[in-house]
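Visitor: sharing a model prediction with you, sequence too.
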Amino acid sequence: MKRIPVKPLAATALLLVTLASYGNAYAQGAPQAITEKRTDVVQLASGYRASKLSGADVYNKNKDTIGTLDDLIVSPAADRGTYAILSVGGFLGMGKHLVAVPFNDLQINNRRVVLPDATKKSLEALPEFKYAPD
């Protein structure tokens, strides 16, 4: 088998074409830095999936139903806090009032979601949450 020599310019062009086919290595024109962090995947797997919590009733410490978990949102702010969007009031989806509370304020035990010190009235007094348009 005869070996065909590759010229440096052709090799560079081939490398650039290959890199370009994998998508941009830059976002918004700036290089990206990815920091890896080791995660205990066994412990993480025992957590609660957002898809399974959606629609769960939310109770207070008196075991009163005070709302429903509508959604979870990760804030775009630098702190990247997660917020629970609760649906309060209404009937069959009509007249419901959405509010945002910090996810860390919720207590979750066996898929039972508790916001201990809240009442339906205190949640309805919070500013209404509205989703941004897609």
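Guide: On my side now, so go ahead.
Visitor: ok, now which ones touch residue 114?
Guide: 58-61, 106-108 (Cβ atoms under 8 Å, 6 or more residues apart in numbering). (Each C-beta comes from the backbone N, C-alpha and C, glycine too.)
Visitor: so which of these wins on neighbours?
Guide: residue 58 (25 neighbours; other Cβ atoms under 10 Å).
Visitor: how far off centre is the helix or strand harbouring that residue?
Guide: Using DSSP states H and E, residue 58 maps to strand 57-59. In terms of Cα atoms, centre = their mean, to the nearest Å, the centre of strand 57-59 is found 20 Å from the chain centre.
Visitor: give me the packing partners of that strand, helices and strands only.
Guide: strand 65-74, strand 112-114 (3 or more Cβ pairs under 8 Å, 6 or more residues apart in numbering; DSSP states H and E).
Visitor: follow-up on the earlier one: which one of the contacts of residue 114 is nearest residue 47?
Guide: Set against residue 47, the nearest of the contacts of residue 114 by Cβ to Cβ is residue 108 (9.1 Å).
Visitor: now the closest one: closest residue in space, sequence neighbours ignored.
Guide: What sits nearest to residue 108 in space, not counting adjacent residues and going by Cβ to Cβ, 6 or more residues apart in numbering, is residue 48, at 5.6 Å.
Visitor: rewinding a little: make TSV from the contacts of residue 114 and add distance to residue 96 and pLDDT to it.
Guide: TSV is the format used below for the contacts of residue 114 (distance: Cβ to Cβ, whole Å; pLDDT from 0 to 100):
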residue	distance to residue 96	pLDDT
58	13	96
59	17	96
60	18	95
61	23	94
106	19	95
107	23	94
108	22	91
